[in-house]
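Visitor: Just the structure for this:
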Amino acid sequence: MIKFIKKIIKACPYSIMGKKCIETLQGKKKDKKKNNTKIETLKKGIKTGRDIILIGIFCPLLWYSILSGASKDLIIINLMHSGVIVALGFVLIVINYLALFRYKNAS
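Guide: Predicted coordinates:
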């Protein structure tokens, strides 16, 4: 059970973002790999869109307001905020997917 919880925490976008911020502040430099192909870049864009959607769905402000019994207006505001984030993630996915589709068909 503890391994499962640790796995979830490691997969959390907020913990990943926190780790990257800490690494940046400590001055650790990560060797950047060059993207060899445009296909890899577009696939990474699709994954980034997925991650943005997950951040919108698991927004701590939204879930705290729902679980703490906040007013209906506050919950609606947090839902709209999370909805905008999820929509941005979907837009990013669609743009990268269409670019990947066009790139593969042009070849």
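Visitor: any low-confidence regions in the chain?
Guide: In the predicted model, the chain carries pLDDT under 70 at residues 12-14, 28-36, 107.
Visitor: residue boundaries of the helices in it?
Guide: 2-11, 13-26, 38-57, 60-67, 72-106 (DSSP state H).
Visitor: Dump these to CSV, plus mean neighbour count.
Guide: No exception for glycine: its C-beta is placed from N, CA and C like everyone else's. Formatted as CSV, the helices of the chain follow (neighbours: other CB atoms under 10 Å):
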stretch, mean neighbour count
helix 2-11, 9
helix 13-26, 11
helix 38-57, 16
helix 60-67, 14
helix 72-106, 14
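Visitor: from the chain's centre, how far out does stretch 2-10 sit?
Guide: 18 Å (CA atoms, centre = their mean, to the nearest Å).
Visitor: which other residues reach it?
Guide: Ser15, Ile16 (CB atoms under 8 Å, 6 or more residues apart in numbering).
Visitor: separation between the residue most central in space within the chain and Gly69?
Guide: Within the chain, the residue whose C-alpha comes closest to the C-alpha centroid is Asp51; the distance, by CA atoms, centre = their mean, is 2.2 Å. Separation of Asp51 from Gly69 (CB to CB, to the nearest Å) stands at 30 Å.
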